[in-house]
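A.B. asks: Predicted model and sequence follow; I will ask about them next.
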Amino acid sequence: MIYAKIVGTGSYLPGDPVTNDDLARRGIDTSDEWIVTRTGIRARHFAEPGCKSSELALIAARRAIEAAGCVADDIDLIIVATSTPDFIFPSTATLVQAGLGIRNGCAAFDVQAVCSGFVYALATAEKFIRSGSHRRVLVIGAEVFSNILDWADRSTCVLFGDGAGAVVLEASNEPGVRATALHADGSYHSVLWVPGSVAGGEVTGDPFVRMDGQVVFKFAVRVLDEVAREVIDLAGVPQDSIDWLVPHQANIRIVQSSAKRLALPMEKVVTTLDFHGNTSAASIPIALDCAVSDGRIRHGQRAVIVGIGGGFAWGAALIDF
Ligand code: UT7
């Protein structure tokens, strides 16, 4: 049996932290008290104007490759999850390939599943490895979400930040990704979306994030523990063997509720949203890298990652480290 094992992680947050008070000082009608109470977010990072997702992705990727103890040319597939690609085309993954100087002609493509993008990308990568066709896959979540924030909409602009996270997945005889589950329900597409597009040389529609936060909240709370249970069942492991839950980092109240429904104490939940906010597809790999780097997630331990975002699209993976 070939497993896909995470052998290296890396992440990157651009610039200095921007606190909730900083946002209020910049003229947004909000407060640290409101943001912390409703979301748990205390700060986020924003890329410099003009900075692209591939630039953040590259730094995270280099760190993950170094942690994996391999070199860029060992990578034989690159998958980037992003909702804020550098361009309409080519894919951000091909730009990362070029930036890494990879000349081996490896496949590279993007996955669009918004905040669940990393889970979708990891599940895709795992299938390539398990089929035997690829041995070492670079999976990245990267966003310059600030490009699509409306600073006049306080109900969304305080929630998001920029960043990137990456993992190197490698073929192994040792258990790695044991189960994945992906779902979507497109009937909710207009609850969380950027309803703009480019046509005839102009942006048509609205190029900013729009969200009905309460609908997202209720839906997320319901499906995140369902899909986490699904991968636990698929993997055929006892629920109490889960060492870590690494959820999408959007809102501490959603995270707490998922943990409670899964009967997991918060000590077993990796939360990093307080210092980077919702970085969409980048949030899970940033949280993973943080917990691996600080020694919380160790070799031999078991984690469930779980995410949901626009579409709605959601999913989970059960991973042995
Ligand atoms: O990756 C998935 C991404 N999305 C999410 O995870 C979002 C899920 N939803 C949420 O996290 C929450 O619904 C929010 C944090 C977005 C909002 O919290 P809420 O408890 O659902 O607040 P609300 O939308 O019901 O707004 C409550 C009040 C409103 O004022 P009134 O009408 O009661 O006077 C808002 O105008 O809070 C006001 N408000 C704010 N006040 C200060 C909304 N945004 C802000 C703000 N600062 N930034």
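C.D. replies: Cool, got the structure.
A.B. asks: for the ligand, what are the nearby residues on the stretch 201-321 of the chain?
C.D. replies: Met211, Gly213, Gln214, Val216, Phe217, Ala220, His248, Ala250, Asn251, Ile254, Asn278, Gly309 (Cβ under 6 Å from any ligand atom). To be clear about C-beta, it is placed using only N, CA and C from the backbone, and glycine gets the same treatment.
A.B. asks: Can I get those residues in JSON lines including secondary structure?
C.D. replies: Output for those, formatted as JSON lines (DSSP: H, G, I helix; E, B strand; the rest coil):
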{"residue": "Met211", "secondary structure": "strand"}
{"residue": "Gly213", "secondary structure": "helix"}
{"residue": "Gln214", "secondary structure": "helix"}
{"residue": "Val216", "secondary structure": "helix"}
{"residue": "Phe217", "secondary structure": "helix"}
{"residue": "Ala220", "secondary structure": "helix"}
{"residue": "His248", "secondary structure": "coil"}
{"residue": "Ala250", "secondary structure": "coil"}
{"residue": "Asn251", "secondary structure": "coil"}
{"residue": "Ile254", "secondary structure": "helix"}
{"residue": "Asn278", "secondary structure": "strand"}
{"residue": "Gly309", "secondary structure": "strand"}
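A.B. asks: What is the burial count for the residue in the chain positioned nearest to the ligand?
C.D. replies: The chain approaches the ligand most closely through Gly213 (2.8 Å), counting by Cβ to the nearest ligand atom. Gly213 has 16 neighbouring residues, counting by other Cβ atoms under 10 Å.
A.B. asks: Isn't Asn104 up against Asp73?
C.D. replies: Yes: with contact defined as Cβ atoms under 8 Å, Asn104 reaches Asp73; the gap is 5.4 Å.
A.B. asks: Just the pLDDT for Pro14.
C.D. replies: We have a pLDDT of 98 for Pro14.
A.B. asks: Numbering from 379 from now on, please.
C.D. replies: With 379 as the first residue, the last one maps to Pro392.
A.B. asks: that older thread, wait, doesn't the residue of the chain closest to the ligand sit right on Ser533?
C.D. replies: Yes: assessed by Cβ under 8 Å, Gly591 is found in contact with Ser533 at 6.2 Å.
A.B. asks: now Val414: how far from Ile630?
C.D. replies: To Ile630, Val414 is 9 Å away according to Cβ to Cβ, to the nearest Å.
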